[in-house]
Structures are given as structure tokens and as C-alpha cells.
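A.B. asks: Whatever this is, show me its structure:
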Amino acid sequence: MVTRAKDDQAKLARRVDILQAARRLFMLNPHQLPSASRIAEESGLAKGTVYLYFSTKEEIFLALLEEEFSLLLEEVKNIFADEKQISASVFITRYVNYLEARPEMLRLDAMAHSVLEQNMHEDKLRAFKLSLIQVLVDTGEVLDQALKLPPGRGASLLTRTHAITRGLWQSLDYSPMLQEILKDAVFAPIRPNFKAELRQTLEEYWRGALGF
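C.D. replies: Numbering: from 1, shown residues only. Okay, the predicted model is just below:
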């Protein structure tokens with residue numbers, strides 16, 4: 001029998017358990033969100049316990065997406081802190097490599113507007129957006145200083161970089177059945193490699209935007 005978490009530390013640990021269980025299930029089938037019942041089973045908890053921490057399954061996955069964005073932007077800060085001679089190519093290579101290692105983030109992000117945010121309470125959605133804005137602005141300021149940009153330009157570059165990334169992922173993340181169909185050579189022009197396509201598109205955007 002699972003006992004009820006009583007103090008803040010125990011509640012935080014239980015919340016982490018739920019998120020980790022949800023992440024494991026999503027990685028097994030990234031084209032569909034698992035049910036709250038399945039997440040409860042995976043985390044060894046009752047379904048009612050899961051709902052003590054999250055109102056809907058979409059709220060669980062939005063929390064995961066928030067974590068992923070925070071980690072990504074922390075990585076961006078690290079890139080600009082690590083590299084003494086930062087260039088568009090260095091940044092883009094590390095950015096694309098990071099995303100390649102975390103495909104679950106791209107799949108969750110692709111569901112953000114159409115699925116995850118559609119079943120959220122207004123206060124939770126507002127808190128999610130405020131959290132993202134804060135880390136975006138903080139990271140943008142790091143870019144402003146490193147690249148000697150006008151205030152706010154770094155956040156703008158990152159917002160557009162994200163838009164390019166999400167758009168390409170949604171365009172090229174074909175279903176398993178469609179992937180089989182597109183193996184025919186005649187479809188080669190519409191099945192470029194995501195990593196190569198993202199890298200080239202960002203190179204063109206960043207060089208055009210910054211003139212280097």
C-alpha cells in the first residue's frame with residue numbers, strides 16, 4: 001500500500017516519480033499521450049493520487065515540456081559561457097546536437113498548442129507561459145552581452161530559432177506508415193534529414209540576421 005506523502009520533500013519526490021513515469025511511457029509511444037491510469041500504474045500510485053498533483057494528463061506533459069525548455073535554454077547559456085570565440089556555426093552545432101539527443105522534447109513541443117494547452121486551467125497555463133518567458137528573457141540577455149546586441153535582440157533570435165525548429169520538426173515528423181511510403185525514391189525531395197535540414201536553415205537565418 002502506498003502511503004500519502006506528508007511533507008514538502010516527500011510531495012516533491014512523488015511529483016518527480018509521476019513525471020518520470022510519464023516520460024518513460026511517452027518515449028515508448030511518442031505519437032500518443034498515455035492515460036492518467038497508465039501513468040499511475042507505471043509510477044506505482046493510485047490514479048487518484050496522480051490527480052492530487054496534476055489536474056489532467058495534459059498538465060503532466062506540459063510540466064515535462066517546461067522542464068525540457070528550461071534545460072535547453074540552460075544549455076544555450078552554457079554554450080555562450082564555454083565558447084570564447086562564439087560563432088553561429090558553433091552555436092548551431094551544439095544546439096542541434098542537444099536536440100538530437102532529446103527527441104521527446106521536439107515531439108512534446110509539437111503538441112503544445114494543439115493538444116497540451118487545450119485542456120489546461122487558465123491559471124496553470126498562465127504560470128507555464130510566465131515561466132517560459134522568464135527563462136527566455138534571462139537567456140536572451142546572455143546572448144545580448146556575448147554578441148553585443150541591442151537589448152532584447154537575443155530573446156528575439158531565440159524565439160525565431162524555436163519557431164524554425166518546431167516548424168521543421170512538424171513538417172518532417174512523419175507517421176510510421178508514411179515513413180514506409182516515402183522510402184520510394186520519388187519522394188526523396190520531401191524527406192530530408194531533420195538534423196541536416198535544421199542545421200542548414202539555422203545557418204542561413206543566423207548569418208542573415210547577424211551578418212556573420
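
A.B. asks: Quick check: which ranges of this protein have low pLDDT?
C.D. replies: 1-3, 83, 212 (pLDDT under 70).

A.B. asks: any idea where the helices of it begin and end?
C.D. replies: 8-28, 36-43, 47-53, 57-82, 88-100, 103-111, 122-147, 153-172, 176-181, 194-210 (DSSP state H).

A.B. asks: What lies in contact with the second one?
C.D. replies: Applying C-beta atoms under 8 Å, 6 or more residues apart in numbering, the set of residues contacting helix 36-43 from outside is 17-18, 20-22, 24-25, 34, 46-47, 49-51, 54, 56-57, 60. Just so you know, the C-beta spots here come from the backbone N, C-alpha and C atoms, and that holds for glycine as well.

A.B. asks: Quick one: buried ones out of these?
C.D. replies: Asp17, Ile18, Ala21, Ala22, Leu25, Pro34, Thr49, Val50, Phe54, Thr56, Lys57, Ile60 (16 or more other C-beta atoms under 10 Å).

A.B. asks: In JSON lines, list the helices of the chain along with distance to Ala188.
C.D. replies: Below are these laid out as JSON lines (distance: least, C-beta to C-beta, whole Å):
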{"stretch": "helix 8-28", "distance to Ala188": "29"}
{"stretch": "helix 36-43", "distance to Ala188": "38"}
{"stretch": "helix 47-53", "distance to Ala188": "45"}
{"stretch": "helix 57-82", "distance to Ala188": "31"}
{"stretch": "helix 88-100", "distance to Ala188": "21"}
{"stretch": "helix 103-111", "distance to Ala188": "22"}
{"stretch": "helix 122-147", "distance to Ala188": "36"}
{"stretch": "helix 153-172", "distance to Ala188": "13"}
{"stretch": "helix 176-181", "distance to Ala188": "13"}
{"stretch": "helix 194-210", "distance to Ala188": "13"}
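
A.B. asks: and of the ones you listed, who's closest to Phe187?
C.D. replies: Phe187 sits nearest to helix 176-181 of all the helices of the chain, at 7.2 Å, using C-beta to C-beta.

A.B. asks: Can you list the neighbours in contact with that closest one?
C.D. replies: So helix 176-181 is in contact with Phe187, going by C-beta under 8 Å, 6+ apart.

A.B. asks: mind running it again at 10 Å?
C.D. replies: Contacts of helix 176-181 with the rest of the structure, by C-beta atoms under 10 Å, 6 or more residues apart in numbering, involve His31, Asp173, Tyr174, Ser175, Phe187, Arg191.

A.B. asks: Can you show me the CA trace of it as CSV?
C.D. replies: What follows is helix 176-181, C-alpha atoms only, in CSV (Å, rounded to 0.1, in the frame of the first residue of the first chain):
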residue,chain,number,x,y,z
PRO,A,176,5.5,5.2,-39.3
MET,A,177,3.1,4.3,-42.2
LEU,A,178,4.0,7.4,-44.1
GLN,A,179,7.7,6.8,-43.5
GLU,A,180,7.4,3.5,-45.3
ILE,A,181,5.6,5.1,-48.2
